[in-house]
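could you work out the structure for the sequence below:
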Amino acid sequence: EITYNFPAVEWYENTKENNLTYWGLDYPPFTAYHSYFNGFLADKVFGMKNRWVGLVESHGVGSREDNIEEKIFGLSSDSFHKFFMRGTVLLIDLIIYIPYTWIFCKKTGASLATLVCLLNLPTLLFMDYGHFQYNGVSLGLFIGSLAFFFSDLSNKNQNQELSNYNSVVGSFLFMSSILY
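Numbering: from 1, shown residues only. I've put the predicted structure just below:
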């Protein structure tokens, strides 16, 4: 709700309207922009601005009595909100974690078993899908950076331009993983 209702310069400031002690923004900027995107989806795609991302209205979203979500989508307010949040985790995993993990395994020559293990890390699955975290983004960006760095090490015959490209992309992905 913070990222969707305040300009970016106010996301980390404690004000009367932005009560950081209730639900403060305690994560890096790229994650905050991702949170903004989720708020945008909740508002514009699902029409749940006041219920899910309203400044005060969204407090206690799982304990609503007037369950409009059940009337529209056939799910309780809490169930539909959880479904939406898990869907956002799956969407970002499909965009970042899974492709970069596949690229890593392909570029490093890792086995299919390694890919399967990396895609099914129990701690990642339980935390991200159970608690609506997006750790797969940071991990995917980091794994992607390793893929580009390792492709430089494993291919001694590549030209300098390709080597520079791999180093720049790997560095960008590594820094992005830290900023997320």
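
for the residue lying closest to Ala8 once chain neighbours are set aside, the count of nearby residues, please.
In space, Ala8 comes closest to Ala32 once its chain neighbours are excluded; the distance is 7.4 Å by CB to CB, 6 or more residues apart in numbering. (Each C-beta comes from the backbone N, C-alpha and C, glycine too.) Per other CB atoms under 10 Å, the neighbour tally for Ala32 reads 18.

need the contact list for Ala32.
3, 8, 11, 25 (CB atoms under 8 Å, 6 or more residues apart in numbering).

distance check, Ser171 against Leu141.
Remark: distance between Ser171 and Leu141 (CB to CB, to the nearest Å) = 11 Å.

between these two, who's got more neighbours?
Using other CB under 10 Å, the more surrounded residue of Ser171 and Leu141 is Leu141, with 23 against 13.

which secondary structure element is home to the more buried one?
Secondary structure from DSSP states H and E places Leu141 in helix 135-154.

what sits up against that helix?
If you take CB under 8 Å, 6+ apart as the criterion, helix 135-154 is touched by 30-31, 34, 89, 92-93, 96-101, 103-104, 106-109, 118, 124, 127-128, 158, 163, 166-167, 169-174, 176-178, 180.

any of these buried? List them.
Neighbour counting by 16 or more other CB atoms under 10 Å classes 30-31, 34, 89, 92-93, 96-98, 100-101, 103-104, 107, 118, 124, 127-128, 166, 169-170, 173-174, 176-177, 180 among the contacts of helix 135-154 as buried.

those in helices, which ones?
Among the buried ones among the contacts of helix 135-154, DSSP state H puts 30-31, 34, 89, 92, 98, 100-101, 103-104, 107, 118, 124, 127-128, 166, 169-170, 173-174, 176-177 in helices.

which non-adjacent residue is nearest the one residue sitting closest to the centre of the chain?
What sits nearest the mean C-alpha location of the chain, by CA atoms, centre = their mean, is Tyr134, with 3.9 Å. Leaving aside its chain neighbours, Tyr134 sits nearest to Ile92 (5.8 Å; criterion: CB to CB, 6+ apart).
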